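Participant: Structure, please.
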Amino acid sequence: MTLPPLPRSLAIVGWVFAGFGALQLLGGAVGLVVFSVMNLTPANLPPEMRVVGLIMVHFREIAIIQIALASLMITGAVALLRLKAWGRVLLQFVAWLLLVYTLAFGVYWVRSASATRGPFAMVFVGMGVMNAVMYAIPLGIAIRVLRSEAVRAAVAKT
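Facilitator: Residues are numbered from 1 along each chain as shown. This next block holds a predicted model:
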């Protein structure tokens with residue numbers, strides 16, 4: 001049985017999610033290994049880095065969530081590339097989760113960086129804004145593609 005040709009936008013979104021899912025899976029696994037051998041606590045941080053202390057306290061949980069989300073991304077991407085309707089729904093769900101996380105983390109970062117003093121405070125604020133924008137735009141595009149009529153029609157045929 002041969003599958004019908006994939007719409008280009010569907011193929012791009014599917015492969016991008018598969019690739020980023022694989023990178024996130026690797027990053028989460030390496031993060032768990034590194035975290036387990038290093039003694040990282042907020043108390044050990046230099047004063048200018050204490051803004052990330054909350055993340056460090058919950059790093060293990062964050063890495064496990066990252067691995068689970070990466071696994072969902074890969075599973076959804078493979079299903080989407082095989083034109084399974086549930087793959088589109090799963091990737092859309094993951095994309096919305098990532099978008100909400102990206103924007104929430106951006107707000108957290110900007111608020112935390114705004115509270116710091118020193119010559120790099122505005123640099124950290126700018127980094128938070130740029131990080132949120134840099135990830136939110138492609139996620140918005142992916143959500144739009146996944147909700148498009150062309151993608152819905154392609155997965156409905158199988």
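
Participant: secondary structure element for the closest residue to residue 86 other than its chain neighbours?
Facilitator: In this structure, residue 86 finds its nearest non-sequential neighbour in residue 79, 6.1 Å apart by C-beta to C-beta, 6 or more residues apart in numbering. For the C-beta atoms, the positions are set from N, CA and C on the backbone; glycine is no exception. Assigned by DSSP states H and E, residue 79 belongs to helix 59-81.

Participant: Need the residue closest to the centroid of the protein.
Facilitator: In the chain, the centroid-proximal residue (C-alpha atoms, centre = their mean) is residue 98; its distance is 4.8 Å.

Participant: where does this structure have low pLDDT?
Facilitator: Residues of the chain meeting the criterion pLDDT under 70: 1-4, 39-51, 158.

Participant: how much space is there between the residue nearest to residue 86 and residue 67?
Facilitator: Residue 79 is 19 Å from residue 67, where distance means C-beta to C-beta, to the nearest Å.

Participant: Please apply the same query to residue 17.
Facilitator: 15 Å.

Participant: Could you report the neighbour count for residue 78?
Facilitator: The local packing of residue 78 (other C-beta atoms under 10 Å) involves 15 other residues.

Participant: Thought residue 90 was touching it, still the case?
Facilitator: No. Between residue 78 and residue 90 there is no contact under C-beta atoms under 8 Å: 10.2 Å.
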